[in-house]
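[1] dropping the sequence and predicted coords here.
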Amino acid sequence: MFDLELKDIELHFGGLVVLNRVSLGVRSGELLALIGPNGAGKTSIFNCISGIYRPKGQINFLGTSLIGKKPSAIAELGIGRTFQHAELIPRMNARENLLVARHNHVKSTLVEQWLRLPSARREEADHLAVVNDVLDLLSLSHLAHLPVGGLPFGIQKIIGFGRALVADPKILLMDEPSAGLTQEEREELAYHIDSAKNRLGIPMLWIEHDMEMVSAIADRIHVLDYGRSIGDGPPSEVLEDPEVIRAYLGTTQIAQAVDTAAAPLEKG
Amino acid sequence: MSNTETGIGKIAPVRAVAKGDGGNRTAWMGLIVLLALVPLVASPFHLDIASQIFIAAIGALALMVLTGIAGQISLGHGGLMAAGAFTTGILYKETGAGIWITLPASVVAGAVIGLIFGLPSLRLRGVYLAMSTLALHFVVIYLGGEYEFASGASTGIFLDPPVIFGYELYDGQAWYYALFLLVAGTYWGCSNLLNSKTGRAWEALHANETAAEALGVQVARYKLLAFVITSGIASFSGALFAYYQSFVSVEAFTLFMSIQYIAMIIIGGMGSLTGALLGAIFVTLVPYCIEWLMETVPYLGLDISTASSASHAAFGLLMILFLVFEPSGLIGIWKRTVARFSSQSKKEGVQ
């Protein structure tokens, strides 16, 4: 019943246990938020799914095991992802960056591309139309011709989100898409995530620190702490759980308290 | 298709791009017509320099794609050109094969060598990769030297002018036009590749291999493809060099040649095919400019014996100057100049 299911995932870096028997699943059309303090292993889970790390355990996506597959082969199965630091190609503009993500949809051969035969040209125009649709959807069209290296980080993150969308993913993994965004950009992003979910009906796995956003649009929350799962359920339930509050929300509240206490000192 | 109305709206930015290309196209056409008229007025000496530039340009385009686009550093470029030159030379000497056999054979030989010497790129990066490609240079030069020795052609292999459609490619004008067409074709082919899935995959793996893989780019495959294609082109330009000089010898393919090609792409501007052309012009002209300086400024204390070391030093200096002060190269200077003039003319238009 899960589109993507992880069972008993274990990951070690030398003696360090990064993930300790983590199991989770996402259904189609479901937005699952993955939360937890820094170093809890959230991005490691993404890297296990996309084949960058080689964990022990099982990862199945629509009946196919992802264990032992190369990252490019996993991407070809329709697993799209965004990165914490956007990881765009700085020299290319937004349109070209999005075109890169159409890689697996391009059918023309090397010779067709080299000689720019009509078949290759037609296909290129089709992909460009898909890219322009997504740019329009995200209100990025007016920036599409600029090299992305010079754009603000928040815009780069939204382009990164668009790059994941443009690949027609069957599942979307989003790694802290809101980090580095302004409040206004966050609200816009929340809208885009929600509407993409409704429009595409695909499962989405979402690493997020902004609890306001999470409780507003996530269908379910999975909580990690020191590589262990410590909670899974609807936002209203999970965010009330005392263990979750202690492990995650408590520490941020303490951190906030420390920040406010330190602020006058820094100014002085 | 799902929404015709928005579909029409979406054509606008596409067209804007196409229009920009159109403007460029007029400029390119003008340049091509101008270059086609050059042989009518140029002296044999100038035609010779132009032909050298054309051969260098083909090699520089190849290295630009490999290093400037796909991000794979190579010090083996001179070795690849030697491979092409020797494939052509040996085939001609041993079998008397014509240009329709020797040139494709040189491309294939270069591609195969490129595949072999691309393999370390799957494990090595940056300086370490450069060192492994350096081995390519010495292996090819060693094999070429062994052949020269074994065949008794210790001074090199002589080639007769190639025959195309019954016409002997001999005089400067004919060479100028032939090489000009080949540069244009190479540029066109490379530019097509860069504006396709393949070129974008190269850019992606250059920027970040892990992210490229996660986007579905088979990094290993596309790295090797870059080595194979660009090595084939480099070898092709080596074969042309052999025919143009009517002579193949290991002495022509020094390590300095590889460094000159790296200088071309740095000075021209990393990541730009037009930059590769500008770099080829610039680097080919440097020794001639130094010679000219020697003749016109007698008190510089330069003579023939110091000319080559002077040009070596000039390359070193120029590369450092460009790396420090103009990392985007000649193409960067060109783009800034164009931008300045177009903004100026816009202002004047408003006034």
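    Yep, it's here.

[2] flag every residue of the stretch 101-250 of chain A that's near chain B.
    Among all residues of the stretch 101-250 of chain A, those adjacent to chain B (criterion: C-beta under 8 Å from any C-beta of the partner chain) are A:101-104, A:106, A:108, A:110, A:113-116, A:120, A:124-125, A:128-129, A:132-133, A:135-136, A:141, A:144-145, A:163, A:167. Where C-beta positions appear, they are placed from N, C-alpha and C, glycine not excepted.

[3] make a ChimeraX selection of the buried ones in those.
    Remark: buried members of those, expressed as a ChimeraX selection using 16 or more other C-beta atoms under 10 Å in any protein chain shown:
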select /A:101,102,103,104,106,108,113,114,116,120,124,128,132,133,135,141,144,163,167
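
[4] you'd agree A:Ala190 is up against A:Met213?
    Yes. Taking contact to mean C-beta atoms under 8 Å, the distance of 5.1 Å between A:Ala190 and A:Met213 places them in contact.

[5] now do the shared contacts for the two.
    For the pair A:Ala190 and A:Met213, residues contacting each of them under the criterion C-beta atoms under 8 Å, 6 or more residues apart in numbering or on different chains are A:Ser178.

[6] what sits against the residue nearest the centre of chain B?
    Taking C-alpha atoms, centre = their mean as the criterion, B:Ala60 is the residue nearest the geometric centre of chain B, at 1.6 Å. Taking C-beta under 8 Å, 6+ apart as the definition of contact, the neighbours of B:Ala60 are B:Tyr261, B:Met264, B:Ile265, B:Gly268, B:Ala276, B:Leu277, B:Gly279, B:Ala280.

[7] report how many residues lie close to the first one.
    Looking back up the chat, that one is B:Tyr261. 29 (other C-beta atoms under 10 Å in any protein chain shown).

[8] report the separation between the closest residue to B:Ala220 other than its chain neighbours and B:Gln218.
    Spatial nearest neighbour of B:Ala220, excluding adjacent residues (C-beta to C-beta, 6 or more residues apart in numbering or on different chains): B:Leu122 at 5.2 Å. Shown here: B:Leu122 relative to B:Gln218, a distance of 11 Å by C-beta to C-beta, to the nearest Å.

[9] mind listing what B:Gly59 touches?
    Residues in contact with B:Gly59, defined by C-beta under 8 Å, 6+ apart, are B:His77, B:Met81, B:Ile233, B:Ala234, B:Ser237, B:Gly238, B:Tyr261, B:Ala280.

[10] okay, now the unreliable bits of the stretch 151-268 of chain A?
    Using pLDDT under 70 as the threshold, the predicted model of the stretch 151-268 of chain A has low-confidence ranges A:248-268.

[11] let's see it at 80
    Counting by pLDDT under 80, the stretch 151-268 of chain A contains low-confidence residues at A:247-268.

[12] what ranges do the strands span in it?
    A:171-175, A:204-207, A:220-225, A:228-233 (DSSP state E, counting those that start in this stretch).

[13] using TSV, lay out those together with mean neighbour count and distance to A:Gly41.
    Supplementary listing: these in TSV, determined by neighbours: other C-beta atoms under 10 Å in any protein chain shown; distance: least, C-beta to C-beta, whole Å:
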stretch	mean neighbour count	distance to A:Gly41
strand A:171-175	25	13
strand A:204-207	25	10
strand A:220-225	24	5
strand A:228-233	18	8
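
[14] next, count neighbours for B:Ser308.
    As a measure of burial, B:Ser308 has 12 neighbours, counting by other C-beta under 10 Å.

[15] surely it is within a helix?
    Yes. Secondary structure assignment places B:Ser308 in a helix (DSSP: H, G, I helix; E, B strand; the rest coil).

[16] pLDDT score assigned to it?
    At B:Ser308, the pLDDT value in this model is 75.

[17] ok, it to chain A distance?
    As for B:Ser308, its distance to chain A is 36 Å (criterion: C-beta to the nearest C-beta, to the nearest Å).

[18] need the contact list for the residue nearest to that residue when sequence neighbours are not counted.
    Closest residue in space to B:Ser308, ignoring its immediate chain neighbours: B:Pro287 at 7.8 Å, by C-beta to C-beta, 6+ apart. Residues near B:Pro287 by C-beta under 8 Å, 6+ apart: B:Ala307, B:Ser308, B:Ser311.

[19] cool, A:Asp3 as well?
    If you count contacts by C-beta under 8 Å, 6+ apart, A:Asp3 has them with A:Gly25, A:Val26, A:Arg27, A:Ser28, A:Phe61, A:Leu62, A:Lys170, A:Ile171, A:Ile202, A:Pro203.

[20] go on, B:Ile49?
    For B:Ile49, the contacting residues are B:Thr284, B:Leu285, B:Tyr288, by C-beta under 8 Å, 6+ apart.

[21] show me where chain B has strands.
    Under the criterion DSSP state E, chain B contains strands at B:157-158, B:163-164, B:167-168, B:247-248.

[22] closest residue of the stretch 101-250 of chain A to chain B?
    A:Gln113 (3.7 Å; C-beta to the nearest C-beta).

[23] hmm, that residue is touching B:Ser196, no?
    Yes. With contacts counted by C-beta under 8 Å, A:Gln113 reaches B:Ser196, the gap being 3.7 Å.

[24] thanks again, I'm all set now.
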